[in-house]
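Enquirer: What follows is a predicted protein model with its sequence.
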Amino acid sequence: MTVYVAVAFGLLELIDILSGPMDLPDWILKAVIILEVICLPIAFLYSWFHPQFSRKLRNQGFLNSGSEADLDIQDVELQPDDMQPDDMLPDQISTSLTLAKKSTDRPQSLILGVSSLTVIAVAAILYLFLGGKTVPLKEGDWIVIADFENQTDEEIFDKSLNTAFALSLNQSRHINVLSRERMQQTLKLMKVEHQETIDEKTGKEIALREGVNFYLVPSISRVGSQYILTVRIQDAVSGNTLNSELVYAKGQDEIIRKFDLLIKKLRHNLGESRYKISGDNKPLEKVTTSSLDALREYSLGVHYINSADHKQAVDHLENAIGIDSSFTAAKVVLGSLLFERFDKDMGRLWLEEAMLKVDELANFEKYNLLINYALWIENDLNKAIDYAKIRIEQYPDSPNQHYNLGHYYMMQGTYEKAVAEFKTALRIDPNHILAYTNLNWTYLHYLGQMDSALISSQKMIEYRPEHAWGYFYKGSVFAGKDNLLEAEDAFRKGRDLEPFAIWGLFRLASVYRLLEKYDEAIEVLKEMLTRYPEKIDAHYDMGLAYNMLGDQKNARDQFMAFKDACEDWMNIRPDDPHPYLYCGMAYTRLGNREAAWELGLEAMRIDSTNHLLFAEFYAVQDSVDKALDQFEKALQNGYRDLSWIKLMANFDALRDEIRYKELIHEYFNSD
């Protein structure tokens, strides 16, 4: 039995090894497994009964040979005490011998049977649960994938094979693949600009930069009508090839199907067991498409999404679905893109159609669809969060999934949970710019934790010094701490990196106003209006700066421009309280307090819950007590953007009030 199991196990391994180089059909391995399973009980029965049958034949031969006279008296059992050996008949001796043999053989047979079953079980466990030992890669380790080297000069393989490779390998929970976005970020840090292709050399440099031990180099070549798909596992430090796998496809129609075989072999070589592979490996043609043309269009669509060319992306995704109407993954991406940016109704239709085939998707894409559908179509944020948690359980080392869950927690208003998820994303990927942005925004806008925001913004600058928003957040922290000179320095550095970032420019102008640098404030606000004429707030702040300079004419012109824009806004959105209050502030600055008060009453009638805005309105009206009442309600309801409170021009009238200082101390003294 041991020999049978050993031979069976060895045969499976041999076929697995030779299937690629010899281009063996997929059915051979399946046929051998079925044959071995069928033969297993036959071998077991043979190994169990053959020794007993042989002993019976030997016993019969022994008795027939007349050798009973040679028996020792100790070999005869189960005889009466008063019977002597000489008194026993030959048939009694034979019976006693048989019983004695059975008695001694039973323990031996039991041991042999249990041993056989143990060997079978161990062999089966080894085959199913033992991973390959090609490379010393641990579960959860990261790898870099270079782009496919297309040696065929056939354009249909450009990008499409990269997408197929990533989609197939991402089904594995055993390894983590460095995302395309993260590799592009790494290239920027390496001062490598405008390089779309990740070749073998670049892949190695990215792996070394990111502290990744191994990178994969896939390629496709052609000999006659036969294609050869190859992937090499490379050591990032030495550049040596540790292992390579290849499969053959007899034509383009076989390439996607052969991809699955290649990925299975690769995953096993990277240490993943066959059991895990079988559980997390849906055929590529089912989770995507069986058409290379459709896959290429889909790949181009994803490429243009990453390049922020969303109209081009829509065209290519629609082409992919036109080629293969069952391409569910393309419907998910197209539906999400349309819903977010172009046409919510059409996006909803595509997402609803994709939901009909949700179980055909690979797990990663499946839960992506379930989350988006719950969030956008069902408007069920809690359900989306539950799905996001499931996806994180399956892919715990994906920084994007932790970032997404943190974003959903922000939407839910559970900000401490959001902070925890953003921190986890940054622990996995210290360069994750969106996680930094949302973490800083949560500290500043929702929690009012200035010290935490300062630490986070400094880390953001350390890891992403080329990004302006780290400086903008740092400037906001210093503004909240009344350190205006440090705030000015940080905002100016941010503007140098991103000259037309509205949020940063507006706060820089506010710092200049508080530092009494009114000319500088006016120049910044003019820059804003030149680039973004729809940002009418700049007129109001410019009017305040001109007023401080004593230039009443220009101040009035700016307040008038702001008032006119707010009146247009009121006509467009008569049920929105914001334009009424803003217009009322402009009227107050222009000296028409009665008209301003009427607008304030109308805004109160529409919606009285925007307490911070009403606090501004009352402050401009010099109704200090009412302004502080509304300010306190805003703080009680959770408003925590201390930096903006300190920068807000309309609050200048409140800053010396004792009650104002007490409220600031009460709500912002716990960080």
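Expert: Cool, the structure landed.

Enquirer: Please enumerate the helices of the stretch 401-550 of the chain.
Expert: 415-428, 433-441, 450-463, 468-480, 484-497, 502-514, 518-531, 537-549 (DSSP state H, counting those that start in this stretch).

Enquirer: which one of those has the most crowded surroundings?
Expert: Burial of the helices of the stretch 401-550 of the chain is given as mean neighbour count (mean count of other C-beta atoms under 10 Å); helix 468-480 ranks first at a mean of 26. Where you see a C-beta, it was placed from the backbone N, CA and C, and this is true even at glycine.

Enquirer: For it, name the packing helices and strands.
Expert: Packing partners of helix 468-480 (3 or more C-beta pairs under 8 Å, 6 or more residues apart in numbering; DSSP states H and E): helix 433-441, helix 450-463, helix 484-497, helix 502-514, helix 642-647.

Enquirer: Send me that helix as CSV with only the CA atoms.
Expert: What follows is helix 468-480, C-alpha atoms only, in CSV (Å, rounded to 0.1, in the frame of the first residue of the first chain):
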residue,chain,number,x,y,z
ALA,A,468,1.5,70.2,-1.7
TRP,A,469,-1.2,69.0,0.6
GLY,A,470,1.2,67.9,3.3
TYR,A,471,2.2,71.6,3.6
PHE,A,472,-1.4,72.9,3.4
TYR,A,473,-2.4,70.7,6.3
LYS,A,474,0.7,71.7,8.3
GLY,A,475,-0.2,75.3,7.6
SER,A,476,-3.7,74.7,8.9
VAL,A,477,-2.4,73.2,12.1
PHE,A,478,-0.2,76.2,12.8
ALA,A,479,-3.1,78.5,12.0
GLY,A,480,-5.2,76.6,14.5
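
Enquirer: Now do that helix against helix 484-497, angle only.
Expert: Orientation check (axes from the mean of the first three to the mean of the last three C-alpha atoms, to 10 degrees): helix 468-480 against helix 484-497 gives 160 degrees.

Enquirer: which one of the helices and strands packed on helix 468-480 lies closest to residue 261?
Expert: helix 433-441 (36.6 Å; C-beta to C-beta).

Enquirer: Can I get that closest one as CSV, trimmed to CA atoms?
Expert: C-alpha atoms of helix 433-441 as CSV (Å, rounded to 0.1, in the frame of the first residue of the first chain):
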residue,chain,number,x,y,z
ILE,A,433,-1.5,59.7,-0.5
LEU,A,434,-5.3,59.4,-0.2
ALA,A,435,-4.9,57.8,3.3
TYR,A,436,-2.7,60.7,4.4
THR,A,437,-5.1,63.2,2.9
ASN,A,438,-8.2,61.8,4.6
LEU,A,439,-6.3,61.2,7.9
ASN,A,440,-5.3,64.8,8.1
TRP,A,441,-8.7,66.0,7.1
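
Enquirer: for it, packing partners?
Expert: Taking 3+ C-beta pairs under 8 Å, 6+ apart as the contact cut, helix 433-441 packs with helix 399-412, helix 415-428, helix 450-463, helix 468-480.

Enquirer: Quick one: those helices as CSV, columns for mean pLDDT too.
Expert: CSV is the format used below for the helices and strands packed on helix 433-441 (pLDDT from 0 to 100):
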stretch, mean pLDDT
helix 399-412, 93
helix 415-428, 94
helix 450-463, 93
helix 468-480, 95
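
Enquirer: can I get those in CSV with distance to residue 565?
Expert: Formatted as CSV, those follow (distance: least, C-beta to C-beta, whole Å):
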stretch, distance to residue 565
helix 399-412, 30
helix 415-428, 34
helix 450-463, 33
helix 468-480, 26
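
Enquirer: so where's the stretch 251-400 of the chain shaky on pLDDT?
Expert: The stretch 251-400 of the chain contains residues with pLDDT under 70 at 273-283.

Enquirer: all helices in it, in order from the N-terminus.
Expert: Here the stretch 251-400 of the chain has its helices, by DSSP H, counting those that start in this stretch, at 252-269, 274-279, 284-287, 292-306, 310-323, 328-337, 344-355, 363-372, 381-394, 399-412.

Enquirer: Which of those sits closest to residue 236?
Expert: Between the helices of the stretch 251-400 of the chain, helix 252-269 lies closest to residue 236; by C-beta to C-beta that is 16.3 Å.

Enquirer: Show me which residues of the closest one are buried.
Expert: Buried residues in helix 252-269, counted by 16 or more other C-beta atoms under 10 Å: 255-256, 258-269.

Enquirer: before we move on, what about stretch 231-240?
Expert: Result for stretch 231-240 [16+ other C-beta under 10 Å]: buried residues 231, 232, 233, 234, 235, 236.

Enquirer: Tabulate the helices of the stretch 401-550 of the chain (TSV), appending distance to residue 555.
Expert: TSV is the format used below for the helices of the stretch 401-550 of the chain (distance: least, C-beta to C-beta, whole Å):
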stretch	distance to residue 555
helix 415-428	39
helix 433-441	33
helix 450-463	33
helix 468-480	24
helix 484-497	23
helix 502-514	13
helix 518-531	11
helix 537-549	4
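
Enquirer: Indicate which one of these is closest to residue 371.
Expert: helix 415-428 (14.0 Å).

Enquirer: Can you list the helices and strands that the closest one packs against?
Expert: Using 3+ C-beta pairs under 8 Å, 6+ apart: helix 415-428 touches helix 399-412, helix 433-441.

Enquirer: Restrict it to CA atoms and write it as PDB.
Expert: C-alpha atoms of helix 415-428 as PDB (Å, rounded to 0.1, in the frame of the first residue of the first chain):
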ATOM      1  CA  TYR A 415     -14.300  59.200  12.900                       C
ATOM      2  CA  GLU A 416     -12.100  57.300  15.400                       C
ATOM      3  CA  LYS A 417     -12.700  54.100  13.400                       C
ATOM      4  CA  ALA A 418     -11.900  56.000  10.200                       C
ATOM      5  CA  VAL A 419      -8.600  57.100  11.800                       C
ATOM      6  CA  ALA A 420      -7.700  53.500  12.700                       C
ATOM      7  CA  GLU A 421      -8.300  52.300   9.100                       C
ATOM      8  CA  PHE A 422      -6.300  55.200   7.600                       C
ATOM      9  CA  LYS A 423      -3.400  54.400   9.900                       C
ATOM     10  CA  THR A 424      -3.500  50.700   8.900                       C
ATOM     11  CA  ALA A 425      -3.500  51.700   5.200                       C
ATOM     12  CA  LEU A 426      -0.400  53.800   5.900                       C
ATOM     13  CA  ARG A 427       1.300  51.100   7.900                       C
ATOM     14  CA  ILE A 428       1.000  48.800   4.800                       C
END
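
Enquirer: hmm, who's touching that helix?
Expert: 397-400, 402-403, 405-407, 409-410, 432, 435-436, 438-439, 442-443, 446-447, 459 (C-beta atoms under 8 Å, 6 or more residues apart in numbering).

Enquirer: repeat that with 7 Å
Expert: Residues outside helix 415-428 that contact it (C-beta atoms under 7 Å, 6 or more residues apart in numbering): 397, 399, 402-403, 405-406, 409-410, 432, 435-436, 438-439, 442, 446-447.

Enquirer: so which of those comes closest to residue 617?
Expert: residue 446 (23.5 Å).

Enquirer: Surely the closest one is in contact with residue 641?
Expert: No - using C-beta atoms under 7 Å, residue 446 is not in contact with residue 641, being 8.1 Å away.

Enquirer: ok so, going back, which one of the helices of the stretch 251-400 of the chain is the most hemmed in?
Expert: It is helix 328-337: most buried of the helices of the stretch 251-400 of the chain by mean count of other C-beta under 10 Å, with a mean of 24.

Enquirer: Summarise which helices and strands that one is packed against.
Expert: helix 292-306, helix 310-323, helix 344-355, helix 363-372 (3 or more C-beta pairs under 7 Å, 6 or more residues apart in numbering; DSSP states H and E).
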